[in-house]
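K.L.:
predicted model follows, preceded by the sequence.
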Amino acid sequence: MAQPSDMERVRANTPAEINWRIDRQIEDSVRRYASEPKDVILRRIWELEREWDIERVLQLMASSVSLTGILLSGIRDKRWIVLPAVVLSFLFLHAVQGWCPPVPVLRRLGVRTREEIDRERYALKVLVGDFPTIGNLQPGAATH
């Protein structure tokens, strides 16, 4: 049985109104850029290719907080070692379920999944003509 993607797991564990808001922002962005010159759209595509997705943000947060806990346990108090243990349990939970305590906060802040970022990026690529055959596809036509 196929595993659900990171996006499916994150979106399934995100309140519907937040998913709706993120989807709406993607649609609004594509509409806004549709009337812009090609160079402006290409600059936005470049930005999207560098946007950090929720997985990368969680990895950065987990490693930063864990390293801080390890450092503090070595120079201050051994009990700080609990901090990396808690963070790693959150990371484990996210890997298994697509949810951990920081996810709702990050989603409310607008941090998107890679698939959400790519949805906007590919829509903009269509606008600049990167996929010229999309408009020419006929139902039942071969797509090789």
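P.N.:
Everything's here; your move.
K.L.:
pull the worst-scoring helix or strand of the chain on mean pLDDT out as CSV, backbone CA atoms only.
P.N.:
Sorting the helices and strands of the chain by mean pLDDT, DSSP states H and E puts helix 6-12 at the bottom, at a mean of 83. Only the C-alpha atoms of helix 6-12 are listed here, as CSV (Å, rounded to 0.1, in the frame of the first residue of the first chain):
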residue,chain,number,x,y,z
ASP,A,6,4.1,14.7,3.2
MET,A,7,1.5,17.1,1.8
GLU,A,8,-1.4,14.8,2.3
ARG,A,9,-0.4,14.0,5.9
VAL,A,10,0.3,17.7,6.7
ARG,A,11,-2.9,18.9,5.1
ALA,A,12,-5.0,16.1,6.8
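K.L.:
pull the distance from the very next helix or strand once past it to the chain's centre.
P.N.:
Following helix 6-12 in sequence order, the next helix or strand is helix 16-34 (DSSP states H and E). Its chain's average C-alpha position is 14 Å from that of helix 16-34, according to CA atoms, centre = their mean, to the nearest Å.
K.L.:
angle of the following helix or strand past helix 16-34 against helix 16-34?
P.N.:
Per DSSP H and E, the first helix or strand lying C-terminal to helix 16-34 is helix 38-50. Relative orientation of helix 38-50 versus helix 16-34 (axes from the mean of the first three to the mean of the last three CA atoms, to 10 degrees): 150 degrees.
K.L.:
one step back: which residues touch the least confident helix or strand of the chain?
P.N.:
Residues from elsewhere that reach helix 6-12 (CB atoms under 8 Å, 6 or more residues apart in numbering): 4, 19, 54-55, 97-99, 103, 107, 113-116. From N, CA and C alone the C-beta is placed, and that goes for glycine too.
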